[in-house]
Structures are given as structure tokens and as C-alpha cells.
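3D model of this:
(4 chains)
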There are 2 protein chains.
Amino acid sequence: MRLSNLADYAVVTMCQAARHCGGGKVSATELAHESGLPAPTVQKVVSKLTSAGLLRSSRGAGGGLQLARPAAAISLADIVEAVEGPIALTACVEGEDCAVHEKCSVKPHWPIVNSALRGALADIPLTRLAQIPQVKEVA
Amino acid sequence: MRLSNLADYAVVTMCQAARHCGGGKVSATELAHESGLPAPTVQKVVSKLTSAGLLRSSRGAGGGLQLARPAAAISLADIVEAVEGPIALTACVEGEDCAVHEKCSVKPHWPIVNSALRGALADIPLTRLAQIPQVKEVA
DNA sequence: GTGAAATCGGAACGAATCAGTCCGATTAGA
DNA sequence: TCTAATCGGACTGATTCGTTCCGATTTCAC
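Alright, predicted model coming up:
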């Protein structure tokens, strides 16, 4: 019931990347430095995000990363799915390989819960996440 | 992003227990037999559910289990929390021990997602889950 | 009152997944 | 052509999850 750390890091990394999107390419090392996360971990996250098609990577000297799509077209659900795979609370939702699937009265209700969760994640675009909300620390 | 197997088993077990609620006490072994789950696993699940106050156990010969509350007063969120602990997608939601909490622009958005998920789980009472929906298999 | 049976409760073991780290392959630039 | 910097994938260690087993407790029957 808890999001993996990698997924959490991926969200933070994507926010940083979104801020640099207008400024061209950014290296994974720089993103790690800005976010305060371990550089190798960021590299792993970046690798998954690139494979999922959310980031576009340019290799070689002077290379770097940039968003593959506009920030408005990337939702929180996309990022989570890129790292954790399809959003499915139970195995019933995507695969039907359940030992008690025939006598299971709970099965029909899982898609409802699953859709609610996915909807909540899809409702938040990257643009909103990347907004720096002029934080006012209340001491 | 996936529910643990234990939580899934807990939901199924609670459904079985709800059906036997009117008929008195049921042993964990019997629940395991009916649901087709391994008996030791059901015992572990029952143990957690009892500790959480969802089930009431009677020891000794002729003992068994019964719902501690009416089925209508038990929600899917209660069962999940009993097994998996508090529903918190990230550590930010309950504890503030995050390495980048001060510069994290994502943090304010997690409670929204978390509430949506918890609301979806809390909306489904055990009574609805226990209904046997006269399944009509479409071949 | 005693014995026996049946039950739950907690503890221990093994497996799988996840987080973190490192090195190699590739590519652009000089 | 060479160098340098980058991403990509593979490996190791650790944590958590799932499963199983055994002991403590309680009730019923005699």
C-alpha cells in the first residue's frame, strides 16, 4: 500500500527535469545534485523513465535529458506506471490467475477501487507538481 | 503500488466470516477450507485481524471467530489498514522524515492522492463485498 | 476434578523483491 | 582519429513479505 522509493524519486526527478525543460538538456548528475538524491539512484530512475518514453536522452559529450512530451501531457499516473509497472492493486485486475477466482465475491469490486486510484493519479499533471508554491514555512 | 497478498487474503477471509456471522463462530481452519487458501496463512491473517479489533476470537475447544462489529460498519479500508498498517503512499504523508522535504514541491500533493485512495476504499463496506452476485459466467 | 482435544497467538525460516552501486558500451565533439 | 562525457545494463546487499511451524491457553467431556 506504499509507493516504492524509486517511484517517489522518479516524481521528484521529473519535476526537476520539467523546470529545466525550457533551458535545454540536463544531465542526470545535475538533476541528482539539485534534488539532493544519490547520483546512481537518479541514474537508475532516469533509465526507467527513458525506457517508458517519458524522457528523451541524448548520449555523448554535451548530452543530457529532456522531456519527451510537454509537461502538461505527463500525469502522475504516467510516472508511477513507468517505474512500478501497471497500476493494479491486486493480481485480479490485470491477470486472472487467482486461486479462488471462481468463488471470489470480492473480485468485481477491485476494478472500481483501482480506477479511483488511477483517476486520482491521472488528475495531477506534471505542470502542477513542478510549480514551486512559494512555500511559507510556519516555523 | 500493489496490495500485499496478505491484505488480499484478509479481505476474502473477512467476507467468509461475514457470511458465517449469523451462524455463530467459525474456526480459522474452516475458513481456510472454504476459501481455498492455505490454513497457516489464514491463521496469520486472522491473527492480525483480531489484533486490529475487526474479529473477536474465542479460544479453546468449540471456539472460533466472529465479527467484532456489524458487517456494515467494517469497510475495505479497515481491513487493509489492519494488515498493512496506515494507508500512506509516501513517507511524507504520515512521517516528515524526508531527505528533501524542504525543497520538495511534490509533498503538498500527496495528501490529496492519499485521501482519494482511502476514500475509495472506505466507500465499500463489508456487506457489499460479501454479497454473492449470482455470477453469470459469459463462457 | 482431571484429562484430553482443539483453538488461537507468536516466533522462526526461506524466498522474493527492492534499493543501491558499479562498470561497460555508445556517442558527440575537438 | 582520439578523447571525454554520457547513458544503459548488470551485480551485490539489504529489507520486507510470505509461508510454515510450534507453544500457550482455554474449553468441553468424562
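
need the residues of chain A near DNA strand C, please.
Within chain A, the positions near DNA strand C by CB under 7 Å from any atom of the strand are A:4-7, A:9, A:38, A:40-41, A:43-44, A:58-63, A:84. In this view, the C-beta of every residue, glycine as well, is placed from N, C-alpha and C.

Of the residues you listed, keep whichever come out buried.
Neighbour counting with 16 or more other CB atoms under 10 Å in any protein chain shown marks A:Ala7, A:Tyr9, A:Thr41, A:Glu84 as buried within the residues of chain A next to DNA strand C.

Within reach of chain B, which of these are there?
A:Ala7, A:Glu84 (CB under 8 Å from any CB of the partner chain).

Can you tell me which of the buried ones among the residues of chain A next to DNA strand C is closest to chain B?
A:Glu84 (4.5 Å; CB to the nearest CB).

So is the lowest-mean-pLDDT helix or strand in chain A next to DNA strand D?
Least confident helix or strand of chain A, by mean pLDDT, DSSP states H and E, is helix A:91-94 with a mean of 80. No. Residues of helix A:91-94 contacting DNA strand D under CB under 7 Å from any atom of the strand: none, with a closest distance of 10.5 Å.

Run the chain-centre distance for the following helix or strand past that helix.
Per DSSP states H and E, the first helix or strand lying C-terminal to helix A:91-94 is helix A:110-122. Relative to its chain's centre, helix A:110-122 lies at 16 Å (CA atoms, centre = their mean, to the nearest Å).

who touches helix A:110-122?
A:75-77, A:80, A:87-90, A:92-93, B:76, B:112-113, B:116-117, B:119-121, B:124 (CB atoms under 8 Å, 6 or more residues apart in numbering or on different chains).

Pull out the buried residues from the residues you listed.
A:75-77, A:80, A:87-90, A:92-93, B:76, B:113, B:116-117, B:120-121, B:124.

Would you mind listing what in chain A touches DNA strand D?
A:27-29, A:40, A:43-44, A:46-47, A:50-51, A:57-65.

Swap in 10 Å and give it another go.
Neighbours of DNA strand D within chain A, by CB under 10 Å from any atom of the strand: A:1-2, A:25-32, A:39-44, A:46-51, A:55-66, A:99.

show me where pLDDT drops low in chain A?
Across chain A, the ranges flagged by pLDDT under 70 are A:22-23, A:95-97, A:99-103, A:132-139.

okay, the buried ones among the residues of chain A next to DNA strand C in TSV with secondary structure next?
Below are these laid out as TSV (DSSP: H, G, I helix; E, B strand; the rest coil):
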residue	secondary structure
A:Ala7	helix
A:Tyr9	helix
A:Thr41	helix
A:Glu84	helix
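
And the buried ones among the residues of chain A next to DNA strand C, which is closest to DNA strand D?
Nearest to DNA strand D out of those is A:Thr41 (CB to the nearest atom of the strand; 9.7 Å).
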